[in-house]
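Engineer: Sequence and computational prediction follow.
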Amino acid sequence: MAEEEVNISSSEIVSAPIRRVLLISAGASHSVALLSGNFVCSWGRGEDGQLGHGDAEDRLFPTQLSALDGHEIVSVTCGADHTIAFSESSMQVYSWGWGDFGRLGHGNSSDLFTPQPIKALQGLRIKQIACGDSHCLAVTMEGEVQRCIFTLTLTSRDISPRFQLFCWGRNQNGQLGLGTTEDSPLPQKIDAFQGISVKLVAAGAEHTAAVTEDGQLYGWGWGRYGNLGLGDRNDRLVPQKVSSVEAEKMVLVACGWRHTISVSSSGGLYTYGWSKYGQLGHGDFEDHLIPHRLEALRENFISQISGGWRHTMALTSDGKLYGWGWNKFGQVGVGDNVDHCSPAQKVVQISCGWRHTLAFTERQNVFSWGRGTNGQLGHGESVDRNIPKMIESLSADGSSGQQIESSKLDPSTGKALVSPIERYAVVPDDNVQGQTVATVKGNGSEASVPQGDVKRVRL
C-alpha cells in the first residue's frame, strides 16, 4: 500500500483564539515555541524524538505538541537534539529527544519521543533551565516565592529565596561541575555553589558558565579554547570564578558551542573562547582566554544574548539586533553568506540554534533564518535562508490565520519509529593535536567530540 499522509481533521486545527508567542528556543536542527494559553509547538528535525510528537518525522511547519496539552507549561528549552519543558502549577520538568549520556535526566540513556516527567526534579521550583549539547542544568529556588519563572518578582511578605544548581547528562570534561568526569543520568546538586545564589546558568557543547546574584561570573568544563574565561586552556571539574572581570558585575551569560558571551550591569558585552569563525566579534580570528569587551557595540546597552554553534547574536535595549560569526547558511541574517555585524528590525527575543536563528519582534511576529534542511525555519520547506522570513502561523501579521496542526497522529497510518541503530553510525576515533576526537564531515557540516567520545552521528 502506498504511503499516505497523516490526515488532520478540522477539529485538530488550532485557528482561534489567536495565541501570542511568549518564548522561542532553537536546538541544533529543531525549534520550539511557547504560546499564550500554555500552548507548545515544535518543528524541524524529529529524528531523535526532539519534537515530542511520538514519531521520528521532521515537521516543516510549527506543530502543536499535543502531549503537553493541559500541563500548563511555562517554559521550553532546546538542547542540541533534545527538549525540556517546565510546568509551574505541578512543579514538574519534562524532557524528550536524544537520551545518550543521560541528558534527559531519567536515569538511563534511552531516547524518548514524547515528553516524560523527570521524577528527580518533581516538586522543585524552577527558575531557569539550560541545555547544552548533551548536558543540562536547572536553577531551583527555596523559600516562599510568587510566580518566579525567568523574571523574579518578590512581594514584601516573601522571604528571600535561595537558588541552587542541579546538573545531569554528559560529563566527559567536567561540564557538570561535580568534581569528576563521570556522567550523571540523574540530576545532582552542585556542591560548589553551596551558600552561593546562582542567578543564571548557560551550557555549551562541553562547558558551562554561570552568573551569581552578586554579579560574579563562573566557568567550568572543557577549556581548550579559553571558553571558561580563566586565562588558560585547561579543563575545570568544578566551577571557578572568572577574576578578570571583577570590576564589572555580570547580569547575563550565554554559551555558544565553544565560546561564551556575558553582559555587565552597565550593558557592556564581553566574549571569550573559540574564534575561528569570528564568533567573538573582535575583528580577528584569535581565541581569547579571558573576557574581552566588544568595542564595536560599546555605545549600545545589550539586553539579550544568544550563542549558536559558531555564531553569536546580541539584542540592544532599543531593539536593534546584531549578529556575527559563521554565516555559511545565512544564520547571521544579513542577506549574504559572509560574516557581518549588522542591525535588523526591532526585536524582543532571540535564540540561536547550531545553524539557524529565531527572533520574536515587538509586533508579535516570529522570524527565522539560516539552515533549513530539516524544516527548522518553520516555513513549510527545506531550504536555507540568509535573510529573516516571518513564520506566518506564529505571527500576528501572518496571513494564515495561525492554523497550527496538532501532533495527534492517525494510528491507521502505521508509521513506526526508526531505531537508533538504523539512524546512526559510530564514528571511529582520530587523534588531533594530542586530543582524541571523533570527526564527521558531510553536507557542509563538521562535528568533533573531544577525548574519545564515541558519538552517534546522523547518517
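Structural biologist: Sure, I can see it.

Engineer: hey, what's the residue nearest the centre of the chain bridged with?
Structural biologist: When C-alpha atoms, centre = their mean is applied to the chain, the residue found nearest the centroid is Cys78 (4.2 Å). With DSSP bridges as the criterion, the beta-bridge partners of Cys78 are Thr83.

Engineer: and it, what is it in contact with?
Structural biologist: 25-27, 30-32, 50, 131, 351, 353 (C-beta atoms under 8 Å, 6 or more residues apart in numbering). C-beta coordinates here come from the backbone N, C-alpha and C atoms, glycine included.

Engineer: Let me know the pLDDT of it.
Structural biologist: On pLDDT, Cys78 comes in at 96.

Engineer: Dig out what Ala292 forms beta bridges with.
Structural biologist: No, residue 292 isn't Ala; it's His. Thr271.

Engineer: That one reaches Tyr272, doesn't it?
Structural biologist: Yes. Shown here, His292 and Tyr272 form a contact pair, counting by C-beta atoms under 8 Å, at 6.3 Å.

Engineer: can you list residues touching both of these two?
Structural biologist: Between them, His292 and Tyr272 share these contacting residues under C-beta under 8 Å, 6+ apart: Leu280.

Engineer: neighbour count winner among those two?
Structural biologist: Tyr272 (29 against 17; other C-beta atoms under 10 Å).

Engineer: Would you mind measuring from that one to Ala130?
Structural biologist: Plainly put, Tyr272 is 18 Å away from Ala130 if you go by C-beta to C-beta, to the nearest Å.

Engineer: residue ranges for the helices of the stretch 201-350 of the chain, please.
Structural biologist: For the stretch 201-350 of the chain, no helices are identified by DSSP state H, counting those that start in this stretch.

Engineer: Listing request: residues of it with sub-threshold pLDDT.
Structural biologist: Along the stretch 201-350 of the chain, the parts satisfying pLDDT under 70 run over 246, 334-346.

Engineer: And the strands in it?
Structural biologist: For the stretch 201-350 of the chain, applying DSSP state E, counting those that start in this stretch gives strands covering 207-212, 217-221, 236-241, 250-255, 259-264, 269-273, 288-293, 302-307, 311-316, 321-325, 347-352.

Engineer: elements contacting the second one?
Structural biologist: Okay, so that is strand 217-221. For strand 217-221, the packing partners by 3 or more C-beta pairs under 8 Å, 6 or more residues apart in numbering; DSSP states H and E come out as strand 207-212, strand 236-241.

Engineer: again with the fifth one
Structural biologist: The elements that strand 259-264 packs onto, with contact taken as 3+ C-beta pairs under 8 Å, 6+ apart, are strand 207-212, strand 250-255, strand 269-273, strand 302-307, strand 311-316.

Engineer: if we go to 6 Å?
Structural biologist: Under the contact criterion of 3 or more C-beta pairs under 6 Å, 6 or more residues apart in numbering; DSSP states H and E, strand 259-264 touches strand 250-255, strand 269-273, strand 302-307.

Engineer: That strand pairs with which strands, and in what direction?
Structural biologist: Assessed with DSSP bridges, strand 259-264 is paired to strand 250-255 (antiparallel), strand 269-273 (antiparallel).

Engineer: For these, state which one has the densest average packing.
Structural biologist: strand 269-273 (a mean of 28; mean count of other C-beta atoms under 10 Å).

Engineer: quick one on the thing from earlier: now render the helices and strands packed on strand 259-264 as CSV, adding distance to Gly378.
Structural biologist: Formatted as CSV, these follow (distance: least, C-beta to C-beta, whole Å):
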stretch, distance to Gly378
strand 250-255, 22
strand 269-273, 28
strand 302-307, 17
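
Engineer: Can you tell me which of the strands paired with strand 259-264 is nearest to Ser95?
Structural biologist: Proximity to Ser95, assessed across the strands paired with strand 259-264 by C-beta to C-beta, is greatest for strand 250-255 (19.2 Å).

Engineer: between the closest one and strand 288-293, how many degrees?
Structural biologist: Calculated by axes from the mean of the first three to the mean of the last three C-alpha atoms, to 10 degrees, strand 250-255 forms an angle of 130 degrees with strand 288-293.

Engineer: Now strand 250-255 - C-alpha only, PDB.
Structural biologist: The C-alpha coordinates for strand 250-255 follow below in PDB (Å, rounded to 0.1, in the frame of the first residue of the first chain):
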ATOM      1  CA  MET A 250      27.700  40.400  35.300                       C
ATOM      2  CA  VAL A 251      24.000  40.000  34.800                       C
ATOM      3  CA  LEU A 252      23.700  37.800  31.700                       C
ATOM      4  CA  VAL A 253      25.700  34.800  30.300                       C
ATOM      5  CA  ALA A 254      25.200  32.600  27.300                       C
ATOM      6  CA  CYS A 255      27.300  29.800  25.700                       C
END
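
Engineer: Quick one: distance of that strand to the chain centre.
Structural biologist: Offset of strand 250-255 from its chain centre (C-alpha atoms, centre = their mean, to the nearest Å): 14 Å.

Engineer: got the angle between it and strand 347-352?
Structural biologist: Put simply, strand 250-255 runs at 40 degrees to strand 347-352, going by the same axes, to 10 degrees.

Engineer: What sits closest to Asp81 if chain neighbours are left out?
Structural biologist: Trp98 (4.0 Å; C-beta to C-beta, 6 or more residues apart in numbering).

Engineer: Now do that neighbour: how many residues are near it, please.
Structural biologist: Trp98 has 27 nearby residues by other C-beta under 10 Å.

Engineer: What of His71?
Structural biologist: 19.

Engineer: With Ser265 instead?
Structural biologist: 11.

Engineer: mind listing what it touches?
Structural biologist: When contacts are counted by C-beta atoms under 6 Å, 6 or more residues apart in numbering, Ser265 touches 249, 251.

Engineer: quick one: it and Val251, what's the gap?
Structural biologist: Distance from Ser265 to Val251, counting by C-beta to C-beta: 5 Å.

Engineer: Would you mind listing where the stretch 1-150 of the chain has pLDDT under the threshold?
Structural biologist: Confidence mapping of the stretch 1-150 of the chain against pLDDT under 70 gives the ranges 1-17, 143-150.

Engineer: Tell me which stretches of it form strands.
Structural biologist: Under DSSP E, counting those that start in this stretch, the stretch 1-150 of the chain gives strands at 13-14, 21-26, 30-35, 39-44, 59-64, 73-78, 82-87, 92-97, 112-117, 125-131, 135-142.

Engineer: If you rank the contacts of Cys78 by neighbours, which is first?
Structural biologist: Counting neighbours by other C-beta under 10 Å, Ser31 comes out on top of those with 33 neighbours.

Engineer: Can you measure across stretch 48-62, start residue to end residue?
Structural biologist: 17 Å (C-alpha to C-alpha, to the nearest Å).

Engineer: on that earlier part again, save the strands paired with strand 259-264 as CSV, and put in distance to Ile196 too.
Structural biologist: Output for the strands paired with strand 259-264, formatted as CSV (distance: least, C-beta to C-beta, whole Å):
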stretch, distance to Ile196
strand 250-255, 14
strand 269-273, 21
